[in-house]
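J.: Fold the following, please.
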Amino acid sequence: MTNATYTNRYEIKYLTAARAMPRIEAGLLDFLVPDEKGSGARGYYNHSIYFDSPDYRFYQEKREGELVRLKPRLRFYRPAPEAEPEAAFLELKGRYDRIVAKRRGAIELDFAERLLSDCLVEPDPKAMESKAVREFYYLARRYCLVPCVTVLYHRVAYFGAFYPNIRVTFDRVIRCSRYTGSRNSDDALIYAIPPDQLIVELKYNDKVPRLLLRRFNSLGLQQVTFSKFGVAMERTHDEILPRRYLLASPLGTPQPRSVGSLTTAGAGRLKASTP
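T.: Next up is the predicted model:
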């Protein structure tokens, strides 16, 4: 679990079978070192609660492919899905064409609780020292933000052994819910993508070593465009899409398709699914 705030960052995402994770980790081991706070099989859980306006302004920016867009969210870090959070941050994840910039500010857990009940509650003076918290509060007032969807998943993270600007994460058991309280409940959560699939993210500043990219390609990873926020909204909000979609067939069928916020190149047949 890193506390870093990144600017001018790029992301490449890959979709693969969850059972392939040990093989992929072994194949990248000479390039990576474990994140001390999220290493090995233990990892940690990202519990993100996204905020949007009543007319879904930020979701629409994503769905329409706006080159400049933003995602306001509250993120809890947990050692287990129903464990007490170890930390909470307000985050603004922006995209400027291909560049990703994430700004974040730490907040107290009791303030996070109050924020979920009343998004306009004023942060305490200490929290307001963070530029990200001040910007979040401005957006909350301007757009009448409300919590709209929860995303919960397990993450194992690594940093580059020789390239300090590299970070690689493995995200699995990605679930979502319209319930936006601070407590997780298995009854409220549904799978955003099937539980036997894994999202691998390669994140880097400025440029990525060609040697590392060749290693990723040699592992047979399938590059995708994927938004946890977008897929979670489409899986949980009836008024957004008349149909919702899941990847339904095994990986490897070369049928590029784009549905909502999930674009695959060879993920197989897509079928409608109701949570």
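
J.: My guess is Ile107 contacts Lys126. True?
T.: No - using CB atoms under 8 Å, Ile107 is not in contact with Lys126; the gap is 9.0 Å. C-beta coordinates here come from the backbone N, C-alpha and C atoms, glycine included.

J.: Neighbour count for those two, which is higher?
T.: Ile107 (23 against 12; other CB atoms under 10 Å).

J.: what sits opposite that one in the beta ladder?
T.: The partner list for Ile107 in beta bridges (DSSP bridges) reads Ala88.

J.: ok, it - contacts?
T.: Taking CB atoms under 8 Å, 6 or more residues apart in numbering, we find Ile107 in contact with Ala88, Phe89, Leu90, Leu115, Pro123, Ala127, Val133.

J.: In JSON lines: those residues, plus distance to Glu82, neighbour count and pLDDT.
T.: Shown next, in JSON lines, are the contacts of Ile107 (distance: CB to CB, whole Å; neighbours: other CB atoms under 10 Å; pLDDT from 0 to 100):
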{"residue": "Ala88", "distance to Glu82": "16", "neighbour count": "22", "pLDDT": "96"}
{"residue": "Phe89", "distance to Glu82": "20", "neighbour count": "22", "pLDDT": "96"}
{"residue": "Leu90", "distance to Glu82": "22", "neighbour count": "27", "pLDDT": "96"}
{"residue": "Leu115", "distance to Glu82": "20", "neighbour count": "24", "pLDDT": "93"}
{"residue": "Pro123", "distance to Glu82": "27", "neighbour count": "21", "pLDDT": "84"}
{"residue": "Ala127", "distance to Glu82": "26", "neighbour count": "19", "pLDDT": "87"}
{"residue": "Val133", "distance to Glu82": "27", "neighbour count": "24", "pLDDT": "94"}
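
J.: what packs against the helix or strand hosting Tyr137?
T.: Tyr137 belongs to helix 131-143 when assigned by DSSP states H and E. Applying 3 or more CB pairs under 8 Å, 6 or more residues apart in numbering; DSSP states H and E, we find helix 131-143 packed against strand 68-78, strand 87-96, strand 99-107.

J.: Next, Arg214: secondary structure please.
T.: Assigned by DSSP: H, G, I helix; E, B strand; the rest coil, the conformation of Arg214 is helix.

J.: ok, how many other residues are close to it?
T.: 10.

J.: How much space separates it from Glu201?
T.: Distance from Arg214 to Glu201, counting by CB to CB, to the nearest Å: 18 Å.

J.: Next: Val121.
T.: Relative to Glu201, and taking CB to CB, Val121 is found at 32 Å.

J.: do Gly181 as well
T.: In terms of CB to CB, Gly181 sits 27 Å off from Glu201.

J.: what's the answer for Asp187, then?
T.: Going from Asp187 to Glu201 by CB to CB gives 29 Å.

J.: and the helix or strand hosting Lys13 with strand 87-96, angle?
T.: Assigned by DSSP H and E, Lys13 falls within strand 9-17. An angle of 100 degrees separates the directions of strand 9-17 and strand 87-96 when computed by axes from the mean of the first three to the mean of the last three CA atoms, to 10 degrees.

J.: quick one: strand 9-17 to strand 99-107, angle?
T.: Compare the direction of strand 9-17 with that of strand 99-107 by the same axes, to 10 degrees and you get 90 degrees.

J.: ok, residues contacting strand 9-17?
T.: 24, 98-102, 196-205, 208, 216, 220-226, 247, 251, 264, 267.

J.: quick one on the thing from earlier: including distance to Arg142, could the contacts of Ile107 go into a markdown table?
T.: Listed next are these as a markdown table, based on distance: CB to CB, whole Å:
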| residue | distance to Arg142 |
| --- | --- |
| Ala88 | 23 |
| Phe89 | 21 |
| Leu90 | 15 |
| Leu115 | 16 |
| Pro123 | 16 |
| Ala127 | 19 |
| Val133 | 15 |
